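> predicted structure and sequence below. I'll ask about it afterward.
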Amino acid sequence: MADTPVVERVDSAVYTVPTDAPEADGTLSWESTTLVLATVRCGQVTGLGYTYAPAATAQVVDDLLAGVVTGSPAMDVPRANEAMLRAVRNAGLPGVAAQAIAAVDIALWDCKARLLGVPLVHLLGAACADVPVYGSGGFTTYDDERQDRQLRQWAGEEGIPRVKIKIGESWGRCEERDRRRVAKARASIGDTAALYVDANGAYGAKQAIRVADALADQGVTWFEEPVSSDHLTTLTAIRDRVPMDVTAGEYGYTLPYFTHMLAAGAVDCLQADVTRCGGITVWLRAAALAHGHGIEISGHCAPHAHAHAAASVPNLRHLEWFHDHVRVERLLFDGVLAPDGGSVTPGRSGAPGLGLTLNTGRARPYRVR
């Protein structure tokens, strides 16, 4: 059709926001978080998407993706996604290229919904009215008081009935402190809230099984990446030996990654990150793969990038309300959601697309590119 709207422009920007305290998990430490923003323009409508990735990701958007997306039909997001996948063949898809594709793909979905004047969840079709969230933080750098304050805010003040802390400190070399922090976390949230832990692949196989015994004593029901998700055979063996759910998948940049993980029987719940795996287009496919295996999916971090897509899949377990990303998204964007009673409701405001707008005044001091 002659009047089919097309993408007229693709742009990128980079924002780096310092953390509110030094942060670390079992295998990495950081003091700032970088958000790479992609925008696509179609007439008077601009869609936005983003990823949490190195600033170099914006260069991939500009050099490899903008040219293949510009001029494409704005309504045909999967077509543009496939064109982007092909454009990065020689650059290598996993990692930064997949994150760049994700940012542009999210922006394209946001743009399409805005062109139609509907919230993205209405365009995709809702499978559930509300999206459960879990509070996530509890960094290994926190002292007892800071961890207690954060957990009590989620479980008490905000009514989030499930929370997660990081363990596996210093590549698993602080096992006794891990155990003590888990016990203190249970004391902070009481007996009714669910307690999750994330080792970020810090433990060895036998160590993970040994730690799991202590976790079970504290009623932990979610053991995320007890070992590296690169080792599916080991992850599967641990899943068979421990009582709590074993979960992984956040480092999935391609659909075959999730296929292999599910085929190995390595997880009780698949995690996928819409800002890493190629965007909403691929995240929905990962959710369908999991559904076909009788497995639920959980959205990893970046809650406002996930919320609308998460509400559209029938096998959703929940969405990670990650401390760093909640801070950054509340700072940079207007239209953010609130986890009332432990869930968010995308589309409630009626705002089109993701419902987000960049607050240029608040964002300007943090722009680095």
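Thanks, I have it. Residues are numbered from 1 along each chain as shown.
> pretty sure Leu108 is touching Gly49, no?
Yes - between Leu108 and Gly49 there is a contact under CB atoms under 8 Å: 7.3 Å. Glycine gets a C-beta too; all of them are placed from N, C-alpha and C.
> overlap in contacts of the two?
Val40, Gly279 (CB atoms under 8 Å, 6 or more residues apart in numbering).
> next up, the contacts around Val45.
Here Val45 is in contact with Pro5, Cys111, Arg114, Leu115 (CB under 8 Å, 6+ apart).
> thought the first one was touching Pro73?
Yes - taking CB under 8 Å as the contact criterion, Pro5 and Pro73 are neighbours in contact, 7.3 Å apart.
> for Ala338, see how far away the nearest residue to Ala103 once chain neighbours are set aside is.
Sequence neighbours aside, Ala38 is the residue nearest to Ala103 in space, at 3.8 Å (criterion: CB to CB, 6 or more residues apart in numbering). According to CB to CB, to the nearest Å, Ala38 and Ala338 sit 25 Å apart.
> so for the two, which sits in the more crowded spot?
Neighbours were counted for Ala38 and for Ala338 using other CB atoms under 10 Å; Ala38 has more, 31 against 11.
> contact partners for that one?
10-12, 48-51, 61, 100, 103-104, 106-107.
> closest one of the residues you listed to Glu296?
Nearest to Glu296 out of the contacts of Ala38 is Ile106 (CB to CB; 22.1 Å).
> quick check: the closest one vs Gly47, distance?
8 Å.
> of those two, which one has the most company?
Ile106 (34 against 27).
> pretty sure that one sits in a helix.
Yes - under DSSP: H, G, I helix; E, B strand; the rest coil, Ile106 sits within a helix.
> now it: closest residue in space, sequence neighbours ignored.
Gly49 is the one closest to Ile106 (CB to CB, 6+ apart), at 2.9 Å.
> paired strands for the strand or helix carrying that neighbour, with orientation please.
Under the criterion of DSSP states H and E, Gly49 resides in strand 45-52. For strand 45-52, the paired strands and their directions (DSSP bridges) read strand 29-42 (antiparallel).
> can I get the partner strand in PDB, CA atoms only?
Extracted C-alpha coordinates of strand 29-42, given in PDB (Å, rounded to 0.1, in the frame of the first residue of the first chain):
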ATOM      1  CA  SER A  29      31.300  -5.700  40.600                       C
ATOM      2  CA  TRP A  30      30.300  -2.300  39.300                       C
ATOM      3  CA  GLU A  31      29.700   1.300  40.300                       C
ATOM      4  CA  SER A  32      27.500   2.500  37.300                       C
ATOM      5  CA  THR A  33      24.900   1.300  34.900                       C
ATOM      6  CA  THR A  34      24.800   2.200  31.200                       C
ATOM      7  CA  LEU A  35      21.600   2.300  29.200                       C
ATOM      8  CA  VAL A  36      21.800   2.500  25.400                       C
ATOM      9  CA  LEU A  37      18.700   4.100  24.000                       C
ATOM     10  CA  ALA A  38      17.400   3.500  20.400                       C
ATOM     11  CA  THR A  39      14.700   5.600  18.800                       C
ATOM     12  CA  VAL A  40      12.900   5.100  15.600                       C
ATOM     13  CA  ARG A  41      10.900   7.800  13.800                       C
ATOM     14  CA  CYS A  42       7.900   7.300  11.600                       C
END
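> rewinding a little: bridging residues for the residue nearest to Ala103?
Assigned bridge partners for Ala38, using DSSP bridges, are Ser12, Gly49.
> that one and Ala107: what is the separation?
Distance from Ala38 to Ala107, by CB to CB: 5 Å.
> mutual contacts of those two, please.
With CB under 8 Å, 6+ apart as the test, Ala38 and Ala107 both reach Val10, Leu48, Gly49.
> most neighbours, which of the residues you listed?
Gly49 (29 neighbours).
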